[in-house]
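**Student:** My questions concern the predicted model and sequence given below.
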Amino acid sequence: MAAPLELFPRARVSPEGFAQERVDHFTGRRLRIGRSGIVHEVTWRPWLGELILPVPACHQGWSGFAASGDLIATDDPATCRKCARRAAQLPLAEPVAQAALFELEHSPNPPSQECPNQRQ
């Protein structure tokens, strides 16, 4: 019996070669996820057997698999606050501002008013 035809031919990659390429590419460097401007420290996670792959040290998740090029090696200083805390770095390269999700009014409720959702 003949082997089935592949609709979308793809290159075969050896897991050992791929993992070694990632180790060589990310050792001593930091990473960005996709088009993000945040630079993360690198840590290593088990993949297949004894093979390891780079991941953000802060455990930031991302959609995809590191094989598709969504992790980009960089020599830029880390700007992720969580990574900096984990690595016990003192200052960040530059302050990173977080945008507010929505504006809050800063007037506290008077103490005489009770929350309507509160059960007694």
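**Tutor:** Nice, I can see it.
**Student:** Which parts of this protein are strands?
**Tutor:** Secondary structure of the chain (DSSP state E): strands at 30-33, 39-40, 42-46, 52-56, 71-74.
**Student:** List of residues touching the third one?
**Tutor:** Residues outside strand 42-46 that contact it (C-beta atoms under 8 Å, 6 or more residues apart in numbering): 23, 26, 29, 30, 31, 52, 53, 54, 55, 56, 57. No exception for glycine: its C-beta is placed from N, CA and C like everyone else's.
**Student:** Mind doing that once more with 7 Å?
**Tutor:** 26, 29, 30, 31, 52, 53, 54, 55, 57 (C-beta atoms under 7 Å, 6 or more residues apart in numbering).
**Student:** how many neighbours does the residue lying closest to the fifth one once chain neighbours are set aside have?
**Tutor:** So that's residue 52. The shortest distance from residue 52 to any residue other than its chain neighbours is 4.3 Å, reached at residue 44 (C-beta to C-beta, 6 or more residues apart in numbering). Other residues near residue 44 come to 16 when the count uses other C-beta atoms under 10 Å.
**Student:** Can you tell me how far residue 44 is from residue 70?
**Tutor:** According to C-beta to C-beta, to the nearest Å, residue 44 stands 17 Å off from residue 70.
**Student:** Please tell me which one of the contacts of strand 42-46 counts the most neighbours.
**Tutor:** Busiest of the contacts of strand 42-46 [other C-beta under 10 Å] is residue 31, holding 27 neighbours.
**Student:** Is it correct that that one is in contact with residue 53?
**Tutor:** No. Judged on C-beta atoms under 7 Å, residue 31 makes no contact with residue 53 at a distance of 11.1 Å.
**Student:** What residues does residue 3 make contact with?
**Tutor:** Counting by C-beta under 7 Å, 6+ apart, residue 3 has no contacts.
**Student:** Now do the end-to-end distance for stretch 25-40.
**Tutor:** 15 Å (C-alpha to C-alpha, to the nearest Å).
**Student:** Now tell me what touches it from outside.
**Tutor:** By C-beta under 7 Å, 6+ apart, stretch 25-40 touches 41-42, 54, 56-58, 60, 62, 70-80, 83.
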